[in-house]
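S.K.: here's my sequence, what's the structure:
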Amino acid sequence: MNFTSELEFVVNKNNVDSITFVQTSGFASVDSVMIKMLRATSGKWMPGRIDGNIVKEKLKIWIHIFSGRIMDKRSGEFMQQGNKHFANEAYEEAIKAYDKVLYYDELDPQAVTQKGLALVKIGKVSDACILWRSFTKYNVPEVSGLIKEYCK
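M.R.: Numbers count the residues shown, from 1 in each chain. Now for the predicted structure:
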């Protein structure tokens with residue numbers, strides 16, 4: 001199981017204040033750990049400034065917790081295999097390799113973008129768009145650009 005929460009907070013000077021959930025994980029124990037993680041960063045923030053004056057900043061963060069799967073050391077190897085298959089126009093094989101990367105790290109932006117491009121190459125543009133749109137909440141610029149280009 002994986003958990004994602006979206007939190008908003010204020011950086012006041014260099015401290016974290018006013019933590020609120022935009023999206024909870026659905027589990028109180030997981031959410032309390034996420035709050036503790038964010039509070040642990042207090043004192044490590046660079047304060048915002050306008051005209052040299054320190055100002056409060058409202059920020060948003062997504063925290064994703066993986067459980068149940070240990071990241072495989074071979075993810076980089078799977079990524080290289082996928083890229084090699086992609087370069088050789090073996091798109092189905094590339095997709096399988098990218099899926100191996102995403103099994104261990106479903107937030108790998110390179111695997112998501114490349115898998116989507118491989119889907120486009122085999123005529124599954126709508127599947128690529130579904131994949132990319134599911135990834136937009138993580139604000140990866142490459143994904144946004146691909147959506148604009150392919151998903152009309």
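
S.K.: got the contact list for stretch 46-55?
M.R.: Outside stretch 46-55, the residues that touch it by Cβ atoms under 8 Å, 6 or more residues apart in numbering are 11, 12, 13, 14, 56, 57. (Glycine included, C-beta is placed from N, CA and C.)

S.K.: got the contact list for the third one?
M.R.: Yep, that's residue 13 we're talking about. Here residue 13 is in contact with 47, 54 (Cβ under 8 Å, 6+ apart).

S.K.: surely residue 60 is within a strand?
M.R.: Yes - applying DSSP: H, G, I helix; E, B strand; the rest coil, one finds residue 60 inside a strand.

S.K.: quickly note the distance from it to residue 137.
M.R.: Distance of residue 60 to residue 137, given as Cβ to Cβ, to the nearest Å: 10 Å.

S.K.: pop the domain breakdown of this protein in here.
M.R.: What automatic domain parsing lists as the domains of the chain is 2-66, 75-150.

S.K.: just name the most buried of those domains.
M.R.: Of all the domains of the chain, domain 75-150 carries the top mean neighbour count, a mean of 17, counting by mean count of other Cβ atoms under 10 Å.

S.K.: what about that one, average pLDDT?
M.R.: When pLDDT is averaged along domain 75-150, the result is 91.

S.K.: the one helix or strand residue 17 maps to: how far from the chain's middle?
M.R.: Element membership for residue 17 (DSSP states H and E) is strand 15-23. On the basis of Cα atoms, centre = their mean, to the nearest Å, strand 15-23 sits 19 Å off its chain's mean C-alpha point.
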